[in-house]
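Participant: the sequence and its predicted three-dimensional model are supplied below.
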Amino acid sequence: MSDSNDPDFIGMYERYKGLKPGYKAELRRVVSIQDLVEVPAFYMLLQGREGKPSMQRVLYCLPCIKHESNGMSLGQALAEANVSEKRLFTVVRSQAPNDLVQLRRLLQMTEPVVDWLKAAKTFYFWNDQAKRKLLEDYFTYKSNP
């Protein structure tokens, strides 16, 4: 699921942390993924990379997550935050772009502390397999916290 061509997600997170508060606020206020193209911070964080949909997904969710090296996966963190199964299945069953909008709402609500590298790859490669892994991590953690 990773490639040597993958973006430097940790570097991206560090650049985000170093942004001025106004730029961070602009990213937090974005409602839809499409709105990112109108936010200067989006381009600052891309650092010359193309703003492909995969990068848009990553930067759409970035403001809602806190990083901890070797931290929990996204599914584990949502289980830890007592997100209901029903809400998680709403995300998984939704189609793009609504699935990410629903997921971002959960992230805003729970403010999870996760391993950003793992979470960023989930957003970058967001597809049915990533959704299934999210569910697996969630239910595995629920059964063995």
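Facilitator: Perfect, thanks for sending it.
Participant: going by C-alpha atoms from here, please, whenever you check contacts or count neighbours.
Facilitator: Noted.
Participant: show me what the longest strand belonging to the chain pairs with in its sheet, parallel or antiparallel.
Facilitator: Determined from DSSP state E, the single longest strand within the chain is strand 66-72. Take DSSP bridges as the rule and strand 66-72 pairs in its sheet with strand 113-114 (parallel).
Participant: what's the spacing between the most centrally placed residue in the chain and residue 13?
Facilitator: Residue closest to the average C-alpha location in the chain (Cα atoms, centre = their mean): residue 61, at 3.7 Å. Using Cα to Cα, to the nearest Å, one gets 11 Å for the distance from residue 61 to residue 13.
Participant: same check, this time on residue 95
Facilitator: Here residue 95 is placed at a distance of 27 Å from residue 13 (Cα to Cα).
Participant: comparing those two, which shows the higher neighbour count?
Facilitator: Higher neighbour count among residue 95 and residue 13: residue 13, with 20 against 11, using other Cα atoms under 10 Å.
Participant: give me the local confidence score for residue 144.
Facilitator: pLDDT recorded at residue 144 is 86.
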